[in-house]
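Novice: predicted coordinates and the sequence they were generated for:
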2 protein chains.
Amino acid sequence: MAFGITAKKQSKFHDWYTQVVINAELLDYYDIRGCFIMRPNGMRIWKCIRDYFDEKIGEMGVEEAYFPMLVTKENIEKEKNHLANFNPELAWITRCGETELDQPVAIRPTSETIIYPAMSKWLTIHRDLPMKINQWCSVLRWEVKSTLPFIRGREFLWQEGHTAYYGKKDAEEECREILEIYAHIYEKLLAIPVVRGIKSKNETFGGAEYTLTIEAFIPGTGKGVQAATSHHLGQNFAKMFEIKVQDDVKQERLVYQNCWGLTTRSIGIATMIHSDDTGFMCGPRVANIQVVIILCGITSKKEEEEVSKLKKYAYFVEEKLKEHKIRVHVDIKEGQTAGFKFNHWELMGVPIRLEIGFRDMEKNEVCCARRDLGKNRKQLKVDNLVKEVQAEMDQMHMNLYEKAKAERDLRTKQVDTFDELLAELNNKNVVLAPWCNNSECEDEIGERTTIRENDEVVTQGGKTLCIPFEKPSSAGKMCVNCNKCAETYVLIGRSY
Amino acid sequence: MAFGITAKKQSKFHDWYTQVVINAELLDYYDIRGCFIMRPNGMRIWKCIRDYFDEKIGEMGVEEAYFPMLVTKENIEKEKNHLANFNPELAWITRCGETELDQPVAIRPTSETIIYPAMSKWLTIHRDLPMKINQWCSVLRWEVKSTLPFIRGREFLWQEGHTAYYGKKDAEEECREILEIYAHIYEKLLAIPVVRGIKSKNETFGGAEYTLTIEAFIPGTGKGVQAATSHHLGQNFAKMFEIKVQDDVKQERLVYQNCWGLTTRSIGIATMIHSDDTGFMCGPRVANIQVVIILCGITSKKEEEEVSKLKKYAYFVEEKLKEHKIRVHVDIKEGQTAGFKFNHWELMGVPIRLEIGFRDMEKNEVCCARRDLGKNRKQLKVDNLVKEVQAEMDQMHMNLYEKAKAERDLRTKQVDTFDELLAELNNKNVVLAPWCNNSECEDEIGERTTIRENDEVVTQGGKTLCIPFEKPSSAGKMCVNCNKCAETYVLIGRSY
């Protein structure tokens, strides 16, 4: 049941956000902390992302597989940097039925240590390459930090791609190609602008040579958020797991690997950016219900025959849209007013509402209200309805994207000095600053931008989000923190 | 790498079966016993089933969701019959990172106890019904019995549907409708005949009012195998989890529920039935690669220009098929003869092989070999290729189905006496026998058909597979075991 959103996005962002995700039935809490139930209104978004991504990587020759969720202690301990990252969060099964296990097994926090022993076994000769595998699954990380629906949970859904190449160049090309598909998921499906870039050493995935990333911006909190990552692993894991092939002259060669992942965090990011005080709003291309049809003007005075004619008209309109794969729902629930239904479906985030009254029927029209345009309405001819509805959805997509981009651009501040940097972070902006590209300096920036009260951290410090591919030249600039010669501009922000 | 199948289906069925699933790259072993890796050649079958099923249940208004994989002790203990079934196989997480949990949590063996508390919370009023939810996930059951790829594993993929209705009749209709979709998955996708029926009391799902089932037959072992089940739960779980709605006059009413599931066991069943001593074979509609194109007649004497022309022709043929969503692969790997490739792709179970040589190219033809027809080949005109290939696939589908059905029918023996029953089970058949429909009698049949040597069970006894919907009249018949008045005919078999 919908109870409406009482918190305001502007003043109480996190209360507002949790009200939206719960009341719009995207997700629900569960009686184990940090685990969430993904409800159909949220799950559809994930399905749209999945279908899109599967098609794109299918064209690249990536094949779907599924690996066990359990991993032995021995395998998970093979790559030390990797282990250090995940060890504190591993969930261990120690007992099955009444039997204590001799060797506890862990639930996957990610699957490198599960998949790479198999790759090592499967690959023999250079002709077996490239090998490109993707799986859709959930992973479990026993987070001790506070959890937040979609953004940080203990169990979450994702896809993880794992590929092996003979040549480094081919692997690196794929790593970038995947990043571009991720960016398109945000831009073309979710209507969200992202910055493409490379992570600093501190922020690189444990065991990777480098990590490519796309970063989004959440206006409500002024924070950056990592939207998806594509890692080039070089030959690091290949060494640990002995993933080799014979080359032309029967020499053994280590393969070059990538791995890449996108999670349901994407749904949280979309919700934070597009939704408003009325409720959920998202890119129309991924909405669970894209069009809702509501009958209007049905009073107790109306003859049954008239009402049944109006219903038929509504079903006729529904059928027209359905034929073109538009996800449409006719709300004929009894005992609720049209006004109640308007509010309900706005809260649920339906992009387009078609109101159908007796006069609309006479004129062979419907009255269209778009979720992003408030109270503005527009009459549409039924003869041309599919095209009109598709055009409205495209315009809504563009409108959401442009709005998000304008806000993001406005709140990305180019700075030269540390004082400016600190001021802009505190103004809930992210900054583009010249930087020496040094790990200790990054730690120092984090430390210096942390806000404490009585020795307690009240606001986390900023960190580097990424070194964007597109950025100003840093020639002649000094590092924003240590004043050494700047090597690059970097995007810095507080972040999720 | 493919090494070929050395065991014979006829004489060493289980060795043969494991060789097929491993060498055809459907699945691989993993270093935790009873957990298997699902490889792309097997995973595609699951994806085809998934897409088909999602479309069908989507039309019925079932929505996709995802629930956490963890369940608390308290919830899993709420339904006692249910608990008794699953308790011995539960895997418990007791430690996360370095911290011992106060309350261990279990991994789902199935999700009734995870989903029903949420349903109870979400449902308020009769208008909220029906509620229809499905999820695709893996479940974990720590089997102590010996495991068998796809057929019995500790972790396996499945879908589980959970629905709630106001009226019992509507719920029961859905229960049967879902069974029909499952039957169609076997008949129309996997080319396997199934018997639709209802389970005996002994074989009913723990906590259900009754269980509908489809049963398949494995000629190689003469065993029956449960192919999918749809359970009508009545109000049993609704009572335990307090799943109620208010009716028209504000009275609280318990809902009626169903749950239904299909697992990756289906892939194992398809493999066992259709594959042969050459390797994997399955229904062409679910094959990972449906058509493989192999270039022939390329010798070292051929000019490079000629070879490149032949390749172009192959890609042209590929493109034609791809446009019509046929999954096609051109094998241009170097260093392997055409003959080697023929064997490889037969082992892998590709339904249609198109051989393309220089003469074929001149005549604008291809030479087509079908996986189920051995060495027979057929010239196809490229102008009409899509239709021809689709027709060949349809014929192969029918051929596989008819062959399986003929064998199944031949080996389903109608018997009247226990001696006949025992003889037919020992002849690797299943039997249709008159039965009193009494649980103790069923136990006795199991006991009396068990084969022991030196007090050790060497062959499991038979059990009831189902009471088929379509069966002979049992009027005037006596129970095959206890000689009391028969209530029905029942299908009895040894089984997986």
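Specialist: Perfect, I can see it now.

Novice: near chain B, which residues of the stretch 101-250 of chain A show up?
Specialist: Residues of the stretch 101-250 of chain A found near chain B (CB under 8 Å from any CB of the partner chain) are A:104-105, A:107, A:117-118, A:121-122, A:124, A:127, A:133, A:137-138, A:140, A:142, A:144, A:155, A:157. For the C-beta atoms, the positions are set from N, CA and C on the backbone; glycine is no exception.

Novice: make it 6 Å
Specialist: For the stretch 101-250 of chain A, the contact set with chain B under CB under 6 Å from any CB of the partner chain comprises A:118, A:124, A:127, A:142, A:155.

Novice: residue contacts, whatever residue of the stretch 151-300 of chain A ends up closest to chain B?
Specialist: Sorted by distance to chain B under CB to the nearest CB, the residues of the stretch 151-300 of chain A start with A:E155, at 5.5 Å. Contact partners of A:E155, counting by CB atoms under 6 Å, 6 or more residues apart in numbering or on different chains, are A:35, A:138, A:140, B:68.

Novice: wait, a helix at A:E180?
Specialist: Yes - the assignment for A:E180 by DSSP: H, G, I helix; E, B strand; the rest coil puts it in a helix.

Novice: for it, the count of nearby residues, please.
Specialist: 13 (other CB atoms under 10 Å in any protein chain shown).

Novice: quick check, pLDDT for the nearest residue to it once chain neighbours are set aside.
Specialist: Of all residues not flanking A:E180 in the chain, A:R196 sits nearest, at 7.7 Å (CB to CB, 6 or more residues apart in numbering or on different chains). On pLDDT, A:R196 comes in at 98.

Novice: and the contacts of A:E155, which is closest to B:C48?
Specialist: Nearest to B:C48 among the contacts of A:E155: A:S138, at 22.4 Å, using CB to CB.

Novice: I'd assumed A:L157 was in contact with that closest one.
Specialist: Yes - with contact defined as CB atoms under 6 Å, A:S138 counts as touching A:L157 (5.1 Å).

Novice: the stretch 51-200 of chain A: helices as residue ranges?
Specialist: Using DSSP state H, counting those that start in this stretch, the helices of the stretch 51-200 of chain A run over A:73-76, A:80-86, A:112-122, A:168-184.

Novice: what comes up buried for the host helix or strand of A:A314?
Specialist: Taking DSSP states H and E as the criterion, A:A314 maps to helix A:304-323. Across helix A:304-323, burial judged by 16 or more other CB atoms under 10 Å in any protein chain shown covers A:310, A:313-314, A:317-318, A:320-321.

Novice: same question, stretch A:128-147
Specialist: A:128-143, A:147.

Novice: A:G220 should be in a helix, yeah?
Specialist: No - checked against three-state DSSP, A:G220 lies outside a helix; its state is coil.

Novice: OK, contacts around it?
Specialist: A:9, A:13.

Novice: pLDDT score assigned to it?
Specialist: Looking at A:G220, its pLDDT is 92.

Novice: what's the answer for A:M1, then?
Specialist: We have a pLDDT of 42 for A:M1.

Novice: cool, and A:A84?
Specialist: 84.

Novice: excluding sequence neighbours, find me the nearest residue to it.
Specialist: Counting by CB to CB, 6+ apart, the residue nearest A:A84 is A:G206, at 6.4 Å.

Novice: cool, and A:P193?
Specialist: A:K405 (4.2 Å).

Novice: mind listing what's buried in the helix or strand hosting the one you found?
Specialist: Here A:K405, judged by DSSP H and E, is contained in helix A:385-410. Residues A:385, A:388-389, A:392-393, A:396-397, A:400-401, A:404-405, A:408 are the ones in helix A:385-410 that count as buried (16+ other CB under 10 Å).

Novice: show me the helices in the stretch 351-496 of chain A, by range?
Specialist: For the stretch 351-496 of chain A, the helices defined by DSSP H, counting those that start in this stretch occupy A:358-362, A:385-410, A:418-426, A:439-449.

Novice: please put the alpha-carbon coordinates of the last one into CSV.
Specialist: Read it as helix A:439-449. As requested, the backbone C-alpha atoms of helix A:439-449 are provided in CSV (Å, rounded to 0.1, in the frame of the first residue of the first chain):
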residue,chain,number,x,y,z
SER,A,439,48.9,7.6,-3.3
GLU,A,440,50.1,9.3,-0.1
CYS,A,441,48.9,12.6,-1.4
GLU,A,442,45.4,11.0,-2.0
ASP,A,443,45.3,9.8,1.6
GLU,A,444,46.2,13.2,2.8
ILE,A,445,43.4,14.8,0.7
GLY,A,446,41.0,12.4,2.4
GLU,A,447,42.3,13.2,5.8
ARG,A,448,42.3,17.0,5.3
THR,A,449,38.7,17.0,4.0
